[in-house]
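# Take this sequence and fold it.
(chains A, B and C)
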Amino acid sequence: MLEISDLSRRFGGPGGRTVLDHVSLGLAAGSYVAIVGESGVGKSTLLNLVAGLDRPDGGRVVVDGIDLTALDDEGLTRWRRDHLGFVFQAFHVLPHLDLLANVALPLWLQGRRGRDADAAAAAMLDAVGLAGREHGWPAELSGGELQRVAIARALVHRPRLVLADEPTGNLDPARAGSILALLRERVREVGAIGILVTHSSEAAATADRVLMLRSTGLEPAS
Amino acid sequence: MGRGGLRMLWLIAALALALAGAAEATDYAPVTPGRPLVFPADAGAHPEHRIEWWYVTGWLEDDDGNPRGFQLTFFRLRTGIGEDRPGRFSPAQLISGHAALSDPALGRLRHAEKSARASGRLAGATAGHLQAWIGDWRLEAQDDGAIIARAAGDGFAFDLRLAPSRAPTLNGDAGFSRKGPRPEHASYYYSVSGLAASGRLTLDGRATTVRGVAWLDHEWSSEYLPEGAVGWDWVGLNFDDGGALMAARIRQSDGSALWRFGTLRSAHGTTRELPPDAISFEALRHWRSPASGVNYPVSWRLDVGDFALVLEPLMDDQELDGRASTGAIYWEGAVRALRDGQPVARGYLELTGYGGRLRLGEGSPGR
Amino acid sequence: MRRGLAAVFVGGLLRRRAASALSVLAIALGVALGLAVQLINDAALAEFGRGMRTLAGDADLRLAGPASGFDDALFEAVALHPLVADASPVVDIEARVVGGDTTLRVLGVDVLRLPAVQPGLVPRADDGTADAPFAGFSQHGIFLSPALAGRLARAAGEALVLQSSAGPLRLEVIGSVPGVAGQAVAVMDIHAVQHAFAMAGRLSRIDLRLIPGATPEAASRALAALLPAGVVAMTPQASLARDAGLSRAYRVNLTMLAVIALVCGGFLVFSTQALSVARRRAEFAFLRAIGLGRRRLAAWLLGEGAVLGLAGGLLGCALGTGFAALVLDGFGGDLGAGYFAGIAPALDASPAAMLAFVALGVLAGVAGAWLPARRAGAISPAAALKAAAGDPLAAAPGWRWPGPLCLVLATAACLMPPLAGIPVGGYLAVALLLAGGVLSLGRLARLVAASCPAVPLPLGLARARLQAAPGQAAVAAAGVLASSALAIAMAVMVASFRDSVDQWLGKVLPAEVYVRAARGSPALQLTPSVQQRLAALPGVARVDFRRHDQLNLDARIAPVSLLARPLSADGRELPLVGEHIVAADPVWISEALVDLLGLAPGDGLDVPLAGRAHRFTVAGVWRDYVRQGGALMVPLARYRELSGDQLANDAAIHLAPGHNAADLGAAIDEAFPAIDLEVVSPGEIRRRSLRLFDRSFAVTYLLEAAAVLIGLAGIAASFAAMAAARRREFGMLRHLGLGRRQIAAMIAAEGGLTAASGALGGALVGGAIALVLVEVVNRQSFHWSMDYRVPWLSLSLFVVALVALAALAAVLAGRLAMSGSAVRAVSEDW
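This is a model prediction of the structure:
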């Protein structure tokens, strides 16, 4: 359960630019929504606030009863480690780790090591269609394959919330479709809330619900 | 020439020195017959001779009647080294002291030794009258004729006054004492028997007054032992009746005597040189040292022609194992003499050459 | 490696192989040099101490006199003193081997008195030699310690001819001194030594064993009344500490140089880690986003530094131990400086020292990674995630710490007095100057950039970048600054020293010809008859005879040299420094005695001559670069009058007009065939002295070269990292129409400007450090002053070469990093 209430964020101090103004949103477990909007409207800012990477000037973000705005930096870090999955436009797959290690990274951060973690990561690689590639290197992969690795990594620790920021922004349209489908399928499978931020309507169409972010707030897209 | 491991050691040292050529250029005074001994001048040192010693041995009794033997020796050696250049550290004359105490309560000897270059108050031997010293050890005749004998070692010290009761006994031919078949093997040698000893003996810090009877030997020479000598047996005895006996034999490697000599002083004071044939040593009992394994004949039958004596040691273990320091191992200690089973004399017995041929070992100066 | 987060971080080190290797190497170099110096010193000191202890043996107390000895009548009184159990007399002289430049230490001993006091010195006669039984008393035999026998290549039975006071003395080697294996000493009979080496009736010292229960203090007090002036009683430990103290300053100096090399290594770790952190900003942001804590991230980065430090430390340990073994083998324990002549130390690789230096390496690595790790921890993930690959420009640390504060503190530190003879304040000032210099680098880089012309375009671009991001230059140039500061400081110090020594030699060597009997040895002297005949030789206009001795002025300080020579009332022949007065009974003291005894002109000074103390007045202070322990100078006539000693050690000859030195040398050889007189020209002495000087500083040149290499490596590593991170920028510039050459020129300009900042800073800091070395460190360590001199030409060449090399390194590193793919890189992430 994700509850966003009256979330506001301004940049540049008093008299600065207001990016988010009293935005509210509630999402039940298992929801998979897309958030679309113009460039600069604050999509990434919203995502950062939901991820606890940034702090709002007003309002609250509550996930499964935990008020993120009340957590300190340490608490947020721990919360992200345990409950959040990320998929980025630029993949951020670490080049000096093999695929299995890249996927297992969130488990390592939780202190889970060894066979158990490796098995979970291998299963996840299998699930994203990279079975048998555990010991391959990121440099050997195409962009689409890199994003599959990133999806596996985002879900390997069964997070409550998965955030994807333009996951297909760096991919050609042919690959984008299958990646989006994969993401949606896997998020559903772990029962997490999925939030897909994109400016592509094709991408948005893969979600259950599409929300348009405007300066006035979140509205269902027409 | 007399007794004693240390003496033999020094003789061999002198021999080695001579053979080494270090002393070749040195003009040592010879030992010749017919030179009269004059006292007290001849009681002092004779630095022109190569080697010289003063040897005091005796029996002491404390107030409780416990008997002990003591020994104090001063050696002087003219090395022939560095005589051309005087100096406080000249090695031309070396002085060595040796002191020992036989205590049946301990069951073995206590002994100590010192060596130094003759130099000022540190060590020396005076010519003209009896005076020898090294550190705080001292052997010195006083104006009244009494001799002071003072020495100290680990756990023992003695400070004695030795009062003479008679004139020195000249050994051999009026002091010319032959040591072998050839006349150059000889020394000047006299003994003072019947010295009345009194003074203090300190054992492990406890001082007691003691008295007893002692014997002084004084001998000097420039020559060494005859070839073939491997050791000797020597005894000097003070008879209770005032008589005295010195008897010795120099042994060859087969155990036979190479040379024998002796002097007998009667209770009345008459002295005569014993003919070699009259002297016979016969071992009665042996004692094997548990420390060194050497087998010593510690009990003897001594025949001097007129009579025979049985020599019994004050205690069996009077061995001096100096193999680590001086290189010599020998037996030297207090003995009783019995005649017809009755004790008649007390003296000192010295047995050398039983632990293998005496050899200049690792511990000699400079080694 | 075990799979886990370690793979993320330490694995990253493997990815950045070149930079990591450089960091490891830099630390390894510092550790190796430090450890080598430490091990060499330890070995030398241990052997020195062992030797001193062997020579002292079981002695409880030592009575030591001047080098010319004291009356041996003292021995009897001391040996018979009730508190003394055993006494052993020693005559300690230096003898020269005839027909060579070799000198050896000969101890004249009484073998009968050795065993109780100095059992280690008891000689062992070789059975094959003639004198065996009484060898210890032999007047023509000599025993050599194994080390000396090896050095002289003499076996038992062979001859050894020494220069004695009466001409060549032919000795036979008759055995060895097995107890002093590592010491190069010879043992002879004391009587023989006294007579052969002009020490008749004299002793150098007496070693004592006291009776049980007597303390050295009580015995010293009791014996004091017996001792003539100039003979002091001290425990062998005190004597050891006193003599070891002489070389301590030298040893600490070397260690400090090594530590500075290590600091340079730390700076290199800093440079590479700072750049690596900048490059990995996005990576860190991502890790932070998926739940890696701030502190954990910083800890892992410190771990990277620690791994670099550990690797460097271990490698350095291996290198240092090998280097130490090599040096000990080839040069001896003092790196050729002469403090431990006559001992052959063996390497003893102590685990404690190794562990300490590995720890220092780790510390350097962690310290270098500290700031970058803190910066990484402060990265805002939200912002950093957007920029896919970070430009170090944005992440370079901003230097706001006040550099000037460090400079002020450095000045204050210079005013500190030495602690236990070690110029702690001076070293602190050096560290503060380095820190202050590095902290001011950003400002300096901006100044350097501002002074650079804006055209042509590549230069302009480089200038703009430096001005916009001086912090980045600071990172890249920190190593250059540290290393060039070290190099320049040493260069200035050595130049000042060498120049001062050169001038000083000119002042102390005014005559045309010098004749000496034996260097530094009282054993061989010019007797009055030799003196007269020398003065009468044709061509001699004037002869100044000189007499040397070593005196015990004070039990707390090492023996002091006494020099007697003809002097004017105002001492104008001496290289005087500071104020001086004209005194009735003058003595001129060297600078060391000002520091050691707190004396000043006008003060009285009791000098023990021939066993009696005479009160002189300090008339002035002279500079002496030879006798670190201090020296006194008195007029020869006065010395002879007070001591009765008419001998001389050497003679300074002024030639009559129309004569030359070569003819006089030949005449001297002819006149004294039996005496091995050494005839030298001041030019020869000067050459020899300067050669010795250069040799003892050779090791510092090595350190400098190492430091400069480290600095250059830093520039190369920085630019390789930067070029990799800026591929898109370069690609964009290529898109805009900049040629390959122009980009190379831009990188070169950036490299040059960065290096110039570092070198400029290094020159300023180095100059200041040199001032500290000259005025504080040398003054307090060695007690001598020198004139500050900057070798402008060679330093300018050095800086220009450094900047050029840095530019070249930058270009090469840049080219390697962006080989070919620059254009493609633009589209990669866009």
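
# what's the pLDDT at residue 69?
Looking at chain A here, since you left the chain open. Here the pLDDT value assigned to A:T69 is 88.

# Chain C was what I was after
At C:G69, the predicted lDDT confidence score is 88.

# What sits closest to the residue in the stretch 501-650 of chain C positioned nearest to chain B if chain neighbours are left out?
Scanning the stretch 501-650 of chain C for proximity to chain B using CB to the nearest CB identifies C:G611 as nearest, at 15.8 Å. For every residue, glycine as well, the C-beta is placed using N, CA and C. Nearest residue to C:G611, sequence neighbours excluded (CB to CB, 6 or more residues apart in numbering or on different chains): C:P228, at 3.2 Å.

# what about the one you found, which SS state?
With DSSP: H, G, I helix; E, B strand; the rest coil as the basis, C:P228 sits in coil.

# just checking, it touches C:L609?
No. The criterion here is CB atoms under 8 Å, and C:P228 misses it with C:L609 at 10.2 Å.

# Tell me which of those two has more neighbours.
Taking neighbours as other CB atoms under 10 Å in any protein chain shown, C:P228 and C:L609 compare with C:L609 leading, 26 against 15.

# check contacts around that one.
Residues near C:L609 by CB atoms under 8 Å, 6 or more residues apart in numbering or on different chains: C:A229, C:G230, C:Y639, C:L642, C:S643.

# Does chain C have contacts with the helix or strand where B:H111 lies?
For B:H111, the host element (DSSP states H and E) is strand B:108-117. Yes. Shown here: strand B:108-117 in contact with chain C (CB under 8 Å from any CB of the partner chain) through B:S115, B:A116, B:R117.

# would you turn those residues into a markdown table with neighbour count?
Converted to a markdown table, the residues of strand B:108-117 next to chain C look like this (neighbours: other CB atoms under 10 Å in any protein chain shown):
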| residue | neighbour count |
| --- | --- |
| B:S115 | 21 |
| B:A116 | 19 |
| B:R117 | 28 |
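
# Out of the residues you listed, which comes closest to chain A?
For the residues of strand B:108-117 next to chain C, the nearest to chain A is B:S115 (79.1 Å; CB to the nearest CB).

# The residue nearest the centre of chain B and chain C: what is the separation?
Residue closest to the mean C-alpha point of chain B, counted by CA atoms, centre = their mean, is B:Y55 at 4.2 Å. Using CB to the nearest CB, to the nearest Å, B:Y55 is found at 21 Å from chain C.

# Need the nearest residue in space to that residue, chain neighbours excluded.
B:D217 (4.1 Å).

# just B:R285 next, same as before
B:S299 (3.8 Å).

# Mind checking the pLDDT average for stretch B:30-43?
On average, stretch B:30-43 scores 91.

# Name the residues that touch that stretch?
With contact meaning CB under 8 Å, 6+ apart, stretch B:30-43 is reached by B:49, B:127-130, B:141, B:167-168, B:170, B:173-176, B:183-184, B:186-188, B:190, B:218, B:220-223.

# number of nearby residues for C:A359?
14.

# Relative to B:D64, how far out is the nearest residue to C:L562 once chain neighbours are set aside?
Residue nearest to C:L562 in three dimensions, not counting chain neighbours: C:D549, with 4.4 Å by CB to CB, 6+ apart. Distance check for C:D549 against B:D64: by CB to CB, to the nearest Å, it reads 63 Å.

# Compare these two (neighbour count), which wins?
C:D549 (22 against 6).

# Let me see the residues that make contact with the helix or strand encompassing the more buried one.
Per DSSP H and E: C:D549 is located in strand C:540-551. Strand C:540-551 is contacted from outside by C:66-68, C:230, C:511, C:520, C:522, C:526, C:531, C:534-535, C:559-566, C:607-608, C:632, C:636, C:639, C:645, C:647-657, C:664, using CB under 8 Å, 6+ apart.

# could you give the mean pLDDT of that strand?
For strand C:540-551, the per-residue pLDDT averages 87.

# got a list of contacts for the helix or strand just after that strand?
Moving toward the C-terminus from strand C:540-551, the next helix or strand (DSSP H and E) is strand C:560-565. For strand C:560-565, the surrounding residues in contact (CB under 8 Å, 6+ apart) are C:66, C:544-553, C:573, C:593, C:607, C:627, C:629-636, C:638-640, C:652.
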